[in-house]
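>>> when you get a sec, could you give me coordinates for this:
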Amino acid sequence: MSMNELPQEEVFVFLDNLRKSGETNMYGASPYIRESFGCTRYEANRLLVKWMENFGESQKRAGDP
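Now for the predicted structure:
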C-alpha cells in the first residue's frame, strides 16, 4: 500500500490514541503504523513525521493541554 492510499486522518487518529495509551514513546511508533496499516517503513516514518509536525495544531483544535 502506498502512502497516497493510506488514510492519513485514520493514521493520525490511531497515533493520537497510541499516544494517549502510553504504550510507546511516539518516536518508536513507526512499527505500530506498519503493523496496523500494512505499509513500508518509509511510509510509516513519513506519516509519523507529518503527525508530529501537526501535533501542536491538532491539540489546539481538540482543546487538549
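>>> quick one, helices of the protein?
Along the chain, the stretches classed as helices by DSSP state H are 8-21, 30-37, 41-62.
>>> between the longest one and helix 30-37, how big is the angle?
So the one you mean is helix 41-62. With axes from the mean of the first three to the mean of the last three Cα atoms, to 10 degrees as the basis, helix 41-62 and helix 30-37 are set at 90 degrees to each other.
>>> which strands or helices does helix 41-62 pack on?
The elements that helix 41-62 packs onto, with contact taken as 3 or more Cβ pairs under 8 Å, 6 or more residues apart in numbering; DSSP states H and E, are helix 8-21, helix 30-37. C-beta coordinates here come from the backbone N, C-alpha and C atoms, glycine included.
>>> what are the buried residues along the last one?
Neighbour counts over helix 30-37 (16 or more other Cβ atoms under 10 Å) mark 30, 32-34, 37 as buried.
>>> could I get those residues as CSV with distance to L47?
Formatted as CSV, the entries for the buried residues of helix 30-37 read as follows, by distance: Cβ to Cβ, whole Å:
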residue, distance to L47
S30, 9
Y32, 11
I33, 6
R34, 10
F37, 8
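>>> what's the most buried one of the helices of the chain?
Mean neighbour counts were taken over the helices of the chain using mean count of other Cβ atoms under 10 Å, and the top value, a mean of 16, falls to helix 30-37.
>>> distance between that helix and the chain's centre?
Averaged C-alpha coordinates place helix 30-37 at 9 Å from its chain's average position (Cα atoms, centre = their mean, to the nearest Å).
>>> one more: stretch 13-25?
Distance of stretch 13-25 from its chain centroid, counting by Cα atoms, centre = their mean, is 8 Å.
>>> and that stretch, average pLDDT?
Rounded to a whole number, the mean pLDDT of stretch 13-25 is 95.
>>> L48 is nearest to which of the helices and strands packed on helix 41-62?
Set against L48 and scored by Cβ to Cβ, the helices and strands packed on helix 41-62 come closest in helix 30-37, at 5.4 Å.
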